[in-house]
Each structure stands twice: as C-alpha cells, then as structure tokens.
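S.K.: fold the following and give me the result.
(one chain, ligands or ions: 1)
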Amino acid sequence: MRRISVFGATGSVGASTLDLIRRDRAAYHIVALTGGRNVAALADLAREFRPELAVIADPDLLGELREALDGAGVEVAAGRAAIVESATRPVDWAMSAIVGAAGLEPGLRVLEQGATLALANKETLVAAGPLVMAAAREHGATILPVDSEHSAVFQALRGEEPASIERVIITASGGAFRDWPVERLAQATVADASTHPNWDMGQRITIDSASMFNKALEVIETREFFGIDPGRIEVLVHPESLVHALVGFTDGALMAHVGPPDMRHAIGHALHWPDRRALPVERLDLAAIGSLSFRAADEARWPALRLAREVMAAGGGAGAVFNAAKEQALDGFISGRIGFVDMAGVVEQVLENLHKVGGAVSPLGLEDVLMLDQRARQEAQRLIGASER
Ligand code: NDP
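M.R.: Numbers count the residues shown, from 1 in each chain. The predicted structure follows:
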C-alpha cells in the first residue's frame, strides 16, 4: 500500500487528487490531509479517507476541527508548524497543493525524506528553485510536475537528450480578459477576473490567469525545473487550452502535448509515474473540435510576462520577492484596495525597491527566502497603502 499525504486537500487540486485516490482507495494509506481554514471540508475528507492526521493551518480553528472529528479516530493539529511537522511523517508520495509561499516548507520536508513530491504549488520553485532542486538531489527525492504545462513538457521530454532541446513553449489561455480592449482593463472587477474561460480552478489562480502572473510564475518554474535558458522559453496564447506545451528540438521537430483541460490528467500522471494508467478524463475528439488557434502573447496587455524575464535575469532571491509581492498585490486587488492593472505596478516597484537585497542573495537558503518573502510583503503593503492615500 502506498503511503501518501495531500497538502492543500481542501482546495481544487487537492479535490482532484483525492478524486483519483477515491477510485482506487485500497491502494493507498493516507498519512496527512491538510487544509487552510475550511474546517468542514477537511473534517469531511478526514472522515472519508481516515488519514493518520488532519491539520488545519489556522491555529484558532483547532477546537473546531477537534470537535468536528470527535470520535473519528483521526489525530488533529493546527498551525503552520503542525503542517510542516506533518510533512516529516514518512510517505512514498505527497501532493503539494497548498496555495502560495506557505507550500514551500512542507514540500521541502517531503523532499528531505527522499520521497516523491508531486508539485502543484508553483510558488515553491519560483521562490526557492535552486534550494528545492538541490534538496531533491541531496536526498535522492523525485519531484514530478503537476502544473499542466510542466507535466506536458515533462511528458514531451521523456527519452529525449537534454542537448537536443532548442526551446520550450508553454501555452496560456489568455484568461478572462484576453479579448478585452487593453484600455478597459483598468475597470476590471474581481468578479470579472474570477471567471476562467476553460479551467475550473481556485479563485487566486484564476485571477492570476487573467493577469498572466500565473504564466509568469510558470515561465520561472520552467527555468528552475528543467534548467532551460530563459531565452529559450516562450509563451504562446492558445485560447482552447488543449495544447498545454510544446518542445522544439534541434532537428526542427515540435512535440506538442494535447489533452483535455482537466487537472486530473497531470495529477494522475504524477500519481502513477513512471507508469501510464487509465484516467477518468475526457478523450478529445479533434475532428469535432475542428481547429486550434494560437497568437503571440502581448506584453503590453500582460506586463507580468516582462517582469518574469527581469526576475530570471536578476537571479538570486528575485523570485522570492516577485512571488511574495505578487501574492500581496493579488490580496490588494481581491480586497478592493488596488485595481487590476495596479497589481503589475506594485510588483514591479517592489522588485525595483528590493533589487539590492534580493539580487545579492546567492546561494539561497530557506532563511533567506523567508526573509525576502517578508520584506517583499511589507514593501508591497506599504506601496498599496500609499496608493490609497
Ligand atoms: P485553492 O485555493 O483551491 O486551494 C488551496 C489550498 O491551500 C486549500 O486547501 C487551502 O485551504 C490551502 N491553504 C490556503 N492558505 C494556506 C496556508 N496559509 N497554509 C496552509 N494551507 C493553506 O488552490 P488550487 O488548488 O487551485 O491551487 C493550489 C496550488 O496549485 C497553487 O499553488 C496553484 O498555483 C497550483 N495549481 C493549481 C491548478 C489548478 O488547476 N487549480 C493548476 C496548476 C497549479 P482552505 O481552502 O481550507 O483554506
């Protein structure tokens, strides 16, 4: 029986992961399930999946979780440290699906066990790529990408020589505003930005898709995970979201990964790797689909893409600064403190203001990442506050 944990079990990726586990329940022993604030959802999952341990991130919710799981025979805990501790419990495989920088430490603890980490949390590689990849090497652990674009690249590269890779193209749906006139973006509301044309995802990543901050994170993730030169990573807008990524080889061939926009494909690939197993996802009927379209990604519409290149060029701790500033800017937008287009402005300004601090840190340790994360959050808050006055 495989021992597994799901970090971020109450979220969208967590739900898709547990949906696959549920279909083959007897094959798995669940060690830990974690949630952020949704006690009811975590308790329901814990009653169904009987993990050894259920952890809620908000320490104030411990009593509520304990009550909800009274008599269930599941150990309960709360708080950030408890989540990190739960990641030290021995597993064969773990899903990292906490949203945001909070996903970094649990992922590192899983890697330190030498286990397999299915990585949905893109912030992990953006904020601390070199540190995380080194931890995996040092402990003989495996990281498998779960982001659909990276899973696609990973699959297209199977059996290929790294020297034959010429470029990697990751696709973007363009999000909610791909067809809006650029001038209208300043009026975009949270509700407008929270609707994705193709994917059903958590609210934060859906808004990040509209701003392309999500794609910016993925470009950096591509660089860190596959070690591809920034100049060889391209973004292509593909409104149908069926081609997830393409890899170009030195002989001119382009290998495209085509699949339904259903996260259970990439999650299932990581769950069963190195095998391929049947998955309950739609089979595409390309004749019915008829045509696929592509267009260039316009950096005037999506300044986040330019910022990603600047972050990769800066190196050091710039990724940690970028990620934290982006999270704060997103909070600022969701809470109505800044407008949609202001998010990129805040992130750019934080990168500029912390350039000396962030760029200088190399090699990057966990303490550095956490320090830069805090500094960037404070700076973003300061800028957001100043813009309100
Ligand atoms: P959701 O917002 O749906 O879920 C996030 C999960 O993280 C929830 O379980 C939430 O708990 C938990 N959480 C939130 N804050 C904290 C915290 N401070 N500490 C511990 N746990 C916390 O996100 P998604 O499932 O959409 O995304 C998860 C990650 O996967 C993100 O990094 C995202 O970028 C990435 N990803 C998502 C894809 C998707 O299709 N959704 C695709 C590719 C990558 P609770 O709800 O209980 O508060």
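S.K.: could you use CA atoms for every contact and neighbour count after this?
M.R.: Fine.
S.K.: what residues does the stretch 1-150 of the chain put near the ligand?
M.R.: 8-14, 35-38, 57, 97-100, 102, 120-123, 147 (Cα under 6 Å from any ligand atom).
S.K.: please, a PyMOL command that selects the buried ones among those residues?
M.R.: Selecting only the buried entries of those in PyMOL, with 16 or more other Cα atoms under 10 Å as the criterion:
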select buried, resi 8+9+10+11+12+13+14+35+36+37+38+57+97+98+99+100+102+120+121+122+123+147
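S.K.: which of the residues of the stretch 1-150 of the chain next to the ligand fall in helices?
M.R.: 12, 13, 14, 123 (DSSP state H).
S.K.: tell me the pLDDT of the second one.
M.R.: Pointing back at residue 13 there. With respect to pLDDT, residue 13 scores 96.
S.K.: in terms of contact, does it touch residue 99 like I think?
M.R.: No. Counting by Cα atoms under 8 Å, residue 13 does not reach residue 99; the two are 9.7 Å apart.
S.K.: could you pull out the helices for the stretch 201-350 of the chain?
M.R.: 203-211, 213-226, 263-272, 286-289, 303-314, 318-334, 342-353 (DSSP state H, counting those that start in this stretch).
S.K.: could these be laid out in CSV, adding mean neighbour count and mean pLDDT?
M.R.: Formatted as CSV, the helices of the stretch 201-350 of the chain follow (neighbours: other Cα atoms under 10 Å; pLDDT from 0 to 100):
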stretch, mean neighbour count, mean pLDDT
helix 203-211, 22, 93
helix 213-226, 23, 97
helix 263-272, 22, 98
helix 286-289, 9, 97
helix 303-314, 20, 97
helix 318-334, 26, 97
helix 342-353, 21, 97
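S.K.: ranges for the strands of the stretch 51-200 of the chain?
M.R.: For the stretch 51-200 of the chain, applying DSSP state E, counting those that start in this stretch gives strands covering 53-56, 75-78, 93-96, 116-119, 142-145, 165-172.
S.K.: can I get these in JSON lines with distance to residue 258, mean neighbour count and mean pLDDT?
M.R.: Below are those laid out as JSON lines (distance: least, Cα to Cα, whole Å; neighbours: other Cα atoms under 10 Å; pLDDT from 0 to 100):
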{"stretch": "strand 53-56", "distance to residue 258": "36", "mean neighbour count": "28", "mean pLDDT": "98"}
{"stretch": "strand 75-78", "distance to residue 258": "40", "mean neighbour count": "22", "mean pLDDT": "98"}
{"stretch": "strand 93-96", "distance to residue 258": "23", "mean neighbour count": "27", "mean pLDDT": "98"}
{"stretch": "strand 116-119", "distance to residue 258": "20", "mean neighbour count": "25", "mean pLDDT": "98"}
{"stretch": "strand 142-145", "distance to residue 258": "16", "mean neighbour count": "22", "mean pLDDT": "98"}
{"stretch": "strand 165-172", "distance to residue 258": "11", "mean neighbour count": "23", "mean pLDDT": "98"}
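S.K.: dump those into JSON lines; add distance to residue 335 as well.
M.R.: Written out in JSON lines, the entries for these read as follows (distance: least, Cα to Cα, whole Å):
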{"stretch": "strand 53-56", "distance to residue 335": "23"}
{"stretch": "strand 75-78", "distance to residue 335": "26"}
{"stretch": "strand 93-96", "distance to residue 335": "26"}
{"stretch": "strand 116-119", "distance to residue 335": "28"}
{"stretch": "strand 142-145", "distance to residue 335": "31"}
{"stretch": "strand 165-172", "distance to residue 335": "26"}
